[in-house]
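starting from these lines, generate the structure:
(chains A, B, C and D)
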Protein chains: 2
Amino acid sequence: MKKRITSKDIADLAGVSRTTVSFVLNNVPGMRIPEETRQRVLEAARRLDYQPHAAARSMASGRTHVLGIVVRQSIEQAFADLFLPQVLLGLAHSAEERGYYTLFRAIDPTTPNGVYSNLIRQRHVDGIILSGPRFDDQDLLYTHSAGLPIVLMGQLPNIGIPFVDVDNVGGAAKATQHLISLGHAHIAIVTNAPLEYTASHDRLTGYRQALLGAGLRYDEALVRHADLTPQGGQRAMNELLALPDRPTAVFVASDTVALGALQAIRNEGLHIPQDIAVVGYDDIPLSAYIEPPLTTMRLPAYGLGWEAAEMLVRRIEGEDLSHADVLLDMELVVRESCGAHLTRRTS
Amino acid sequence: MKKRITSKDIADLAGVSRTTVSFVLNNVPGMRIPEETRQRVLEAARRLDYQPHAAARSMASGRTHVLGIVVRQSIEQAFADLFLPQVLLGLAHSAEERGYYTLFRAIDPTTPNGVYSNLIRQRHVDGIILSGPRFDDQDLLYTHSAGLPIVLMGQLPNIGIPFVDVDNVGGAAKATQHLISLGHAHIAIVTNAPLEYTASHDRLTGYRQALLGAGLRYDEALVRHADLTPQGGQRAMNELLALPDRPTAVFVASDTVALGALQAIRNEGLHIPQDIAVVGYDDIPLSAYIEPPLTTMRLPAYGLGWEAAEMLVRRIEGEDLSHADVLLDMELVVRESCGAHLTRRTS
DNA sequence: AGTGTTTGCTAACATGAGTTAGTAATTCGC
DNA sequence: GCGAATTACTAACTCATGTTAGCAAACACT
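Predicted coordinates:
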């Protein structure tokens, strides 16, 4: 039976007390330990290949050095979520850079409340990053009001919980402005989802701001809503195509939805971008490889994860995050569906 | 300063000792605790909303009840990985059903060795699921030979480490047989990657078995290799199209690669599936929405995660996994790129 | 030389559970 | 009615660390 190597063992080998070992290995400030002793301890730890026991450490220090990442997703949603890998990578890298691990917890939206605050209360983690927050989440409100560290990925306005999100208003405005700059004046929008979704609402706002900012009219007849699916995009696009005064360009506020919209346009025998220009949103990993390659706003998925972890760690380590919310910029990726590659030649 | 509620508190409230509380809450077998006392303890725990301290518990019991999931992925790979969300969901659900949490760790392939075995040695986790194993992974061999619980997602043959994988030989055979059953006799293959990859090798084997099983000739001229990218698929497909005796069908062993192949076929002015039938592999989330919708083998991503967690838990709890490797079946998803919807009408 | 200060270290306690060995009270067997 | 067995519990130890208070020796200062 091989025994676990504890700090006692390295204390014995170095000829000092356990306390000294702890001081050396944790670089406790204020303790003047002569270089000679310090080296002796470090050498002993190295020789025995000492690995501190995480549980003992966290019990004594009260810190687990683990961040909880809670994803509220059904299996179907996970299937459609093409960004989670990047988000998680950003999270994990950012956390590890700061000396933290990440505990992943997937919670079906149908499960009852009171499930993830326990992660903190049982001291499994020091704090939580919640992806896909909802208003009707009792557990979330409880966790926040109990003062437990939590950071949201995605906005929940007027609630005071720190969040990391994408600047959807600005992003949608950029997308729309791009179409305007290509000479379009009759631009429709297909939102990603109903306006109850904050993201959806913000994207519509950005579209509108861009139009008004360019002196164009905002026409409700050119506004349609999808439901996060290609099918919804196809239906919405069909309605737009049936209008007497057909738009010359469409901003589809989700690449997934845009797949359906493209199909609808093709089915009418129309060409993209010659007959109708399309700009999408999200830059899903395949947007470059569909026909035609989609011009779209790039979602900084890795950055979202990175920032969320950073914020949470700052919160855990005592910083005040009242007004530290992060809104990440989005970048326009110009491919072919907007027609910019054609215009440029003629200009 | 509100104090944490410990088992001592509930012992006091219930008028028993801490030991008894522990016996009741953990349902320790062999201890005859009368129903009346048991209820008194449970009621006290409920009233005080007791949450046991994870670190204390794991220190005393030696179990963390956390599974480590280690993903060896660069950021670029994560971008192309469309299955991780489903895999993680399967893992997390399966683990939670068995009373375990999952710790997520992303490791860039370029980082040096010796990074994740420490997760176990520091008792952060009870065992590890490693996704994307490699032969040159010192840490993996060390972990396994040290008897630490580990399960692979993806095969590494002849090494004796328990794994969960997809039956690539069978899957590729099914895909090829489907094309044969549609009347094709001149069927090419574009693999997903070079044959050094086990998955790639196995898919080619399945293709070959199907041909020979149907009495068809296996012709090396019809075999091309891609590199996991659409670009590679396009190049490979162009070579096949340039053959004097053009194939009437292609099995592309990766949907991502197939995107490039479709583009190559379209660029030649040929029609899918009339001129060339295509069957893909993986069923990436967008395969149903590209043009034409792709017939493909469905990767049971959720199931892979589920099985991996189950195996690891069994291993942690003492079971012998020497010959318990899991090979999951794959299912053919018939859409339009294979031409089955046309054939059926004429038959 | 004696008092105060710094240096270098350690004894002892705290953290919050699980678990073993054992004890007092009750019941059983005859 | 008395020893044996059972019932219902608990004292005390264990896990592996972090941390506080304090001690002995060396040194500094007058």
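
what ranges does the stretch 51-200 of chain A have for its strands?
For the stretch 51-200 of chain A, strands defined by DSSP state E, counting those that start in this stretch occupy the ranges A:66-72, A:101-107, A:127-131, A:150-153, A:163-166, A:187-191.

what pairs with the fifth one, parallel or antiparallel?
Strand pairing for strand A:163-166, using DSSP bridges, gives strand A:150-153 (parallel), strand A:326-328 (parallel).

pLDDT of the longest one, averaged?
Spelled out, it's strand A:150-153. The pLDDT scores in strand A:150-153 average 95.

how far away from the center of its chain is that strand?
10 Å (C-alpha atoms, centre = their mean, to the nearest Å).

would you mind finding the most buried of the strands of the stretch 51-200 of chain A?
For the strands of the stretch 51-200 of chain A, the largest average neighbour count (mean count of other C-beta atoms under 10 Å in any protein chain shown) is found in strand A:187-191, namely a mean of 27. Bear in mind the C-beta positions are built from the backbone N, C-alpha and C, glycine included.

I'd say A:Asp283 and A:Arg335 touch.
No. If you go by C-beta atoms under 8 Å, A:Asp283 and A:Arg335 don't touch, sitting 9.6 Å apart.

and the stretch 1-150 of chain A, which residues reach DNA strand C?
Within reach of DNA strand C by C-beta under 7 Å from any atom of the strand, the stretch 1-150 of chain A has these residues: A:15-20, A:23, A:31-34, A:37, A:56, A:59-60.

try it again at 6 Å.
Proximity of the stretch 1-150 of chain A to DNA strand C (C-beta under 6 Å from any atom of the strand) is limited to residues A:Val16, A:Ser17, A:Thr19, A:Thr20, A:Arg32, A:Ile33, A:Pro34, A:Thr37, A:Met59, A:Ala60.

residue contacts, the nearest residue to A:Leu48 once chain neighbours are set aside?
Spatial nearest neighbour of A:Leu48, chain neighbours left out: A:Ile5 (5.0 Å); criterion: C-beta to C-beta, 6 or more residues apart in numbering or on different chains. A:Ile5 makes contact with A:Leu48, A:Asp49, A:Tyr50, A:Gln51 under the criterion C-beta atoms under 8 Å, 6 or more residues apart in numbering or on different chains.

what is the nearest of the residues you listed to B:Ala80?
Comparing the contacts of A:Ile5 against B:Ala80 with C-beta to C-beta places A:Gln51 closest, at 34.4 Å.

how much space between the nearest residue to the closest one once chain neighbours are set aside and A:Gln155?
In this structure, A:Gln51 finds its nearest non-sequential neighbour in B:Arg121, 4.3 Å apart by C-beta to C-beta, 6+ apart. Counting by C-beta to C-beta, to the nearest Å, the gap from B:Arg121 to A:Gln155 is 41 Å.

what about A:Arg224, which helix or strand?
Per DSSP states H and E, A:Arg224 falls inside strand A:223-225.

what helices and strands are in contact with the next helix or strand after that strand?
Using DSSP H and E, the helix or strand that follows strand A:223-225 in sequence is helix A:230-241. The contact analysis (3 or more C-beta pairs under 8 Å, 6 or more residues apart in numbering or on different chains; DSSP states H and E) places helix A:230-241 against strand A:187-191, strand A:223-225, strand A:249-252, helix A:255-267.
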